[in-house]
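Asker: structure of the sequence below:
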Amino acid sequence: MLLPCLSASTMLIYSGRSRINQENLDRIWVRMSKNEVQEILGRPSESRSLQLDGCGVAKSRPEEETGSICRWKDGPRCILVVFDSKNNVLLKEFKNATAWQFFRWHANRVWGRSTDNWQ
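Answerer: A predicted model of the protein is given here:
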């Protein structure tokens, strides 16, 4: 009984301090520079390069334009942003976590299991 109460209170406190939220995602606009995005979100947790076709859609052909995808994480929440070759925003997405996902993430941290993946 004590563990769920402690986990729930920790989640409430922890969730209020995050830069990874819908409000900050709404501040990011298409064609905004990567530097402007980093002023809002800070340094990304992860970054990968990817190939883009003419429409800004990810492709695996090397002759197309190269862009990048960055992920900012805070626990089970994350913001994904796709940048074009000029480091301007093409796409953005916020993946919020349910109460259950927060609980699982905190429980896994306590018991030492990794839940880090790009899903």
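Asker: what's near enough to touch the closest residue to Asn96 other than its chain neighbours?
Answerer: Nearest residue to Asn96, sequence neighbours excluded (Cβ to Cβ, 6 or more residues apart in numbering): Arg77, at 5.7 Å. C-beta here means a position set from N, CA and C on the backbone, and glycine is covered the same way. Contacts of Arg77 were listed using Cβ atoms under 8 Å, 6 or more residues apart in numbering, and they are Ser18, Ile20, Asn21, Phe94, Lys95, Asn96, Ala97.
Asker: would you turn these into JSON lines with neighbour count and secondary structure?
Answerer: As requested, the contacts of Arg77 are arranged in JSON lines below (neighbours: other Cβ atoms under 10 Å; DSSP: H, G, I helix; E, B strand; the rest coil):
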{"residue": "Ser18", "neighbour count": "13", "secondary structure": "coil"}
{"residue": "Ile20", "neighbour count": "23", "secondary structure": "coil"}
{"residue": "Asn21", "neighbour count": "17", "secondary structure": "coil"}
{"residue": "Phe94", "neighbour count": "18", "secondary structure": "strand"}
{"residue": "Lys95", "neighbour count": "14", "secondary structure": "strand"}
{"residue": "Asn96", "neighbour count": "15", "secondary structure": "coil"}
{"residue": "Ala97", "neighbour count": "18", "secondary structure": "coil"}
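Asker: ok, which pair from those is furthest apart?
Answerer: Ser18 and Lys95 (12.7 Å; Cβ to Cβ).
Asker: tell me how far the strand or helix carrying Val82 is from the chain's mean position?
Answerer: Using DSSP states H and E, Val82 maps to strand 77-83. Taking the mean of its C-alpha atoms, strand 77-83 sits 4 Å from the chain's own mean (Cα atoms, centre = their mean, to the nearest Å).
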